[in-house]
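Trainee: model the following, please.
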Amino acid sequence: MPNPPRDTLPPAFKRIGWSNLFAQFSEQMALAAAPLAAVLLLAAGPAETGWLQMAQTLPFLLLSIPAGLVADRASRRRLMVSSEMLRALSLVATLLLMLGGLLSLPLLAVMGFVGAIGTVCYNVAAPALVPAIVPRHQLADANRWLELARSLAYSGGPAIGGAIVAWTGASLAYVAATSLSLLSVVLLAGLGDQQQPTAPRRNLLQDLAEGARFLGGHPLLRPILVTAIVFNTAWFVLQAVYVAYAIQTLGLTATGVGITLGIYGAGMMIGAFAAPAIARRIPFGLMIALGPLGGLTAAAVMLSTIWIPSGALAGLSFFLFGAGPVLWSIATLTLRQAVTPNAMLGRVSAFITTATFGARPIGAALGAVVATRFGVEACLAVAAVGFLIQFLVIIASGVPQLRALPEAA
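Mentor: Predicted coordinates for the structure are as follows:
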């Protein structure tokens, strides 16, 4: 029987792709609506939005590893379904509090925390599920489509969420986000469970140690992990204060904030579409290095808004933050799936999610502290230093010397 064409991905993956699109769109609309509601309805400032960002990202630090253990021991599809349903319930609860006039900044943070629990479990299980459905030679193509979906969500979600908040208030934005989340659940519910490699049940600590040893001892995954930690910390130092900075210093409206955040997604889409052409022209390792370089350039552009307050410059910065790092996301996810044994993918994904996404609440808290003590401009400088460090880390490693995708361990 002949092999299918390389551009024909399995029907089961298409369900995952659409589910991922709706889930990402829902998440981005809610993430855009939350700080806008905090600033416009609850009179929050930069420090308060920083703590809100920390609450919305803290589950990545606390719960990614437990989610990874579950993903390697149970149905990854069922884990994704229940996780997305939990996030939908948190959105409904936020909406009811808002309509009842009971919403406060602490309650908004709590609901964001609960919703992020679902996001964590979904994000850990999805990369581990894809290799069970997609052949190895199509992993890069599958990951590119997932990144395109994420790019579309990052582009349209904040812009639509910001526009809805500006035109009708935050409640309708939460209605739309909830509907998209439920569509994601329906698509996943129709996907059959995939067979996972069976392995003897062992002590949880043994399983964790095995995953940690593999990740920490791998000469390619280790520097990628360190780079991602620093990148995400610096990124959320910036994200923690951006909405308040854009409104209070750059003079943007809620719609304008949503547009600048949406430009980030547009950059991701362009980068993802260009990825195959770029991959044909440069070595695999150099494509990975383009992500940290794009982040450093974007941080320098955002830093320049201190002296040249401009929404256009902020938009350019977010475009660069999207276009370069999306190449990193596609290439490093493909590398991880290719070199990691399938039975260990949940744990390895969990460690990477814990370290990288878990760096986000640390970055958000750091941004809140720096903004309180030294002002928002100091946050932009701290973020720029972080992006310089992450670029130096990856350049000093052996990753940029990779000519092609390496073989599995």
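
Trainee: send me stretch 340-347 as PDB with only the CA atoms.
Mentor: The C-alpha trace of stretch 340-347 is given here as PDB (Å, rounded to 0.1, in the frame of the first residue of the first chain):
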ATOM      1  CA  THR A 340      11.900  11.700  23.200                       C
ATOM      2  CA  PRO A 341      10.400   8.100  23.600                       C
ATOM      3  CA  ASN A 342       6.600   8.300  23.300                       C
ATOM      4  CA  ALA A 343       6.000   6.700  26.700                       C
ATOM      5  CA  MET A 344       7.900   9.600  28.200                       C
ATOM      6  CA  LEU A 345       6.500  12.500  26.200                       C
ATOM      7  CA  GLY A 346       3.900  13.500  28.800                       C
ATOM      8  CA  ARG A 347       6.500  13.800  31.500                       C
END
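
Trainee: would you map the helices across the stretch 151-300 of the chain?
Mentor: With helices called from DSSP state H, counting those that start in this stretch, the stretch 151-300 of the chain shows them at 170-189, 204-217, 221-248, 254-281, 284-303.

Trainee: give me the contacts around the first one.
Mentor: Put plainly, it is helix 170-189. With Cβ atoms under 8 Å, 6 or more residues apart in numbering as the test, helix 170-189 has contacts from 15-16, 18-20, 22-23, 25-27, 29-30, 32-33, 36-37, 40-41, 77, 80-81, 84-85, 87-88, 91-92, 94-95, 98-99, 160-161, 164-165. Placement of C-beta: from N, CA and C, glycine included.

Trainee: buried subset of those residues?
Mentor: Buried members of the contacts of helix 170-189, counted by 16 or more other Cβ atoms under 10 Å: 15-16, 18-20, 22-23, 25-27, 29-30, 32-33, 36-37, 40-41, 77, 80-81, 84-85, 87-88, 91-92, 94-95, 98, 160-161, 164-165.

Trainee: give me every residue that touches the nearest residue to residue 20 once chain neighbours are set aside.
Mentor: Spatial nearest neighbour of residue 20, chain neighbours left out: residue 149 (5.1 Å); criterion: Cβ to Cβ, 6 or more residues apart in numbering. Residues counted as contacts of residue 149 (Cβ under 8 Å, 6+ apart) are 17, 18, 20, 21, 24.

Trainee: likewise residue 125?
Mentor: 67, 71, 76, 77, 79, 80, 83, 346.

Trainee: of the residues you listed, which is the nearest to residue 130?
Mentor: Nearest to residue 130 among the contacts of residue 125 is residue 76, at 9.5 Å by Cβ to Cβ.

Trainee: that closest one: neighbour count?
Mentor: As a burial measure, residue 76 scores 25 neighbours (other Cβ atoms under 10 Å).

Trainee: is it true that it touches residue 129?
Mentor: Yes - between residue 76 and residue 129 there is a contact at 4.2 Å, judged by Cβ atoms under 8 Å.

Trainee: quick one on the thing from earlier: looking at the buried ones among the contacts of helix 170-189, which are in helices?
Mentor: Within those, residues falling in helices by DSSP state H are 15-16, 18-20, 22-23, 25-27, 29-30, 32-33, 36-37, 40, 77, 80-81, 84-85, 87-88, 91-92, 94-95, 98, 160-161, 164-165.

Trainee: and residue 169, its phi and psi?
Mentor: Residue 169 adopts backbone torsions of phi 100, psi 170, taken as degrees, to the nearest 10.

Trainee: for residue 220, see how far away it is.
Mentor: In this view, residue 169 and residue 220 are 48 Å apart by Cβ to Cβ, to the nearest Å.

Trainee: which of the two has more neighbours?
Mentor: Between residue 169 and residue 220, residue 220 has the larger neighbour count (other Cβ under 10 Å), namely 19 against 15.

Trainee: tell me who's in contact with the spatially closest residue to the more buried one that is not a sequence neighbour.
Mentor: Distance criterion Cβ to Cβ, 6+ apart; nearest residue to residue 220, sequence neighbours excluded, is residue 399 at 5.9 Å. Counting by Cβ under 8 Å, 6+ apart, residue 399 touches 220, 223, 224, 285, 288, 289.
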